[in-house]
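Chemist: Fold the following, please.
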Amino acid sequence: MPVYTRDKLETLYKEAEKNPHSLYLLIGDRFLCRQTADRLEKALLADGGTVHSIDGEEEDPARTISRLRSFSLLPGRQIYRISDTRLFHSKKIAGSLWKRVLKARAENQTETAARNLLAMLAAGGLDASNSDSDPVRLSPAQWKKCFDFAHPGGDLSWTTALLAEAPPATGKGAGGTNSDPAAILQEVLEAGLPKNNLLVLLAEEADKRKRLYKYIKEHQIVIDLSVEQGASSRAKKAQKSVLSELVAKTLNEMEKTMAAGVMEQLFDRVGFHPVAVVMETEKLCLSVCDRPQITRQDLDDIVGRTRQEALFELTGALGNRQLGQALVISERLLDNGIHPLAVVATLRNSVRTLLLFKSLQEQAEYSYNIGMQPNVFQQQCLPKLKEQQRWKQELSGHPYAVFMQFKTASSFPIALLTSWLQQILKTELRLKGSPLEPLTVLQHLLITMLEPTDDRAKKGKNRFL
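Modeler: As a prediction, the model looks like this:
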């Protein structure tokens, strides 16, 4: 069976209404999955029926399977919808769950961070209620064995507090029974469900190598709503497409429009958070009362500048020597309420990493060269680098991310990176003791670091400003 993506959903809804399958698996952003599941259920229940909602974190798989196999006395189709199912979790996706934990924590979304941390522990076969499963207690070797990625290093004591605040795991879906729920479900599906019983599974992450996933992909329906993450042009384009569709739908439902440029400003302030974008759009629509159009002033009055990702965008602009972009981002950061010293600290850490990687490149023992491909870097160069424990934190990221940092560092002379650190130190002192506006001091630093150095570039440097 084909895997359905966002651009094929209308076709899916029509097919579901006429010829439904026994199981639908939705993978991707939590909000997008829930929104799509709502629309799918309307198609499936066109002739009547009931939706039975189940929280995957509290699910008893044995009870769910029993209900699926039983004929219901209720009229119409019976849809059993399991949100946040753990049937497709394994240690192979623990790294993705950890990234979700870090992102949610950085955005002060404690509940989301705790949920993903619990899911990561379950994926690694650990019982969150056991104190020995506390991430702080795991050695690097144990961490690697459980989660299949390197220990992130640093102080992880915050995970203890996060787990303490998390609700107790009352379900049996995380491995509390001896039988494999995924294997049992597959057997039940192969035997066939009663005609009117349907199962809808929602998952943010799924190990696509699992037998159950392969079975569903071949015999049932998979809906992949994943959106590429990151700050690359391709990822941003995909994210903008999703958000634009959500905003347009919300505006249409509430019979409002947006002035030119307001939608882009909204995305810039909220970032790629579909549920937040929809909620902020609804707030804007309600705030203008009877006025048909939302203006930039409405946006300034209602939607706060909440985007923290710009710190990472700033280091990206620095690595790509994009002065104009760096100046815009720096102003946005201060408008967001980010302290200028925090911005300087981010720049300092980024330059230190570039300087370290550039220095390592010049040591023949690591066998790095500029034209090296990512897979060669991961197989030949990275293992030698990781033998040095003092660089463990800098090298602990995803292999491709480390490769890209090495590639960025290769374009900078060591002398230039060293001078940047000196300039950053001077800027930090100015911010602490100068009456100048912080934005002026910060942007002077960026211009000093990124201004073109050759004669031709100097003649045209005004195009950057």
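
Chemist: I'd guessed Arg105 sits against Glu111; true?
Modeler: No: using C-beta atoms under 8 Å, Arg105 makes no contact with Glu111, being 11.0 Å away. Every residue, glycine included, has its C-beta placed from N, CA and C.

Chemist: who's more crowded, the two?
Modeler: Arg105 (18 against 12; other C-beta atoms under 10 Å).

Chemist: for Leu198, helix, strand, or coil?
Modeler: What DSSP: H, G, I helix; E, B strand; the rest coil gives for Leu198 is strand.

Chemist: same thing with the one 3 residues further on?
Modeler: Classification of Leu201 into helix, strand or coil gives strand, according to three-state DSSP.

Chemist: dump the residue contacts of it.
Modeler: 23-26, 82, 85, 87 (C-beta atoms under 8 Å, 6 or more residues apart in numbering).

Chemist: which regions of the stretch 51-200 of the chain sit below the pLDDT cut-off?
Modeler: 166-179 (pLDDT under 70).

Chemist: let's see 90
Modeler: Counting by pLDDT under 90, the stretch 51-200 of the chain has low-confidence residues at 55-63, 72-73, 84, 86-97, 99-142, 144-183, 195.

Chemist: Kindly report the same for the stretch 251-400 of the chain.
Modeler: Across the stretch 251-400 of the chain (using pLDDT under 90), the flagged ranges come out as 265, 267-273, 275-276, 296-297, 299-343, 345-346, 349-350, 353, 356-400.

Chemist: In it, mark out all the strands, start to finish.
Modeler: Assigned by DSSP state E, counting those that start in this stretch, the strands in the stretch 251-400 of the chain fall at 257-258, 293-294.

Chemist: export the ones you listed to CSV and tack on mean neighbour count and distance to Pro181?
Modeler: As requested, those are exported to CSV (neighbours: other C-beta atoms under 10 Å; distance: least, C-beta to C-beta, whole Å):
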stretch, mean neighbour count, distance to Pro181
strand 257-258, 18, 46
strand 293-294, 17, 47
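
Chemist: Dump these to CSV, plus distance to Ser359.
Modeler: Below are those laid out as CSV (distance: least, C-beta to C-beta, whole Å):
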stretch, distance to Ser359
strand 257-258, 49
strand 293-294, 51
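
Chemist: what about the ones you listed, which gets the closest to Leu198?
Modeler: strand 257-258 (38.0 Å; C-beta to C-beta).

Chemist: Tell me the strands beside the closest one, with direction?
Modeler: strand 293-294 (parallel) (DSSP bridges).

Chemist: For the partner strand, give me every contacting residue.
Modeler: 256-259, 262, 284-285, 288.

Chemist: where's Gln423 relative to Ala317, distance?
Modeler: Distance of Gln423 to Ala317, computed by C-beta to C-beta, to the nearest Å: 16 Å.

Chemist: Tell me which of those two has more neighbours.
Modeler: Ala317 (22 against 17).

Chemist: dump the residue contacts of the more buried one.
Modeler: 323, 325-326, 329.

Chemist: Which of those ranks first by neighbour count?
Modeler: Scoring the contacts of Ala317 on neighbours with other C-beta under 10 Å, the highest-scoring entry is Ala326 at 26 neighbours.

Chemist: From what I see, that residue and Leu446 are in contact.
Modeler: Yes: contact criterion C-beta under 8 Å: Ala326 and Leu446 qualify, at 4.9 Å.

Chemist: Now list whatever residues contact both of the two.
Modeler: With C-beta under 8 Å, 6+ apart, Ala326 and Leu446 have common neighbours Leu318.

Chemist: Is it correct that Arg67 falls within a helix?
Modeler: Yes: remark: Arg67 belongs to a helix, assigned using three-state DSSP.

Chemist: Could you check how far it is from Glu58?
Modeler: From Arg67 to Glu58 the distance is 15 Å (C-beta to C-beta).

Chemist: How about Arg39?
Modeler: For Arg39, the distance to Glu58 (C-beta to C-beta) stands at 25 Å.
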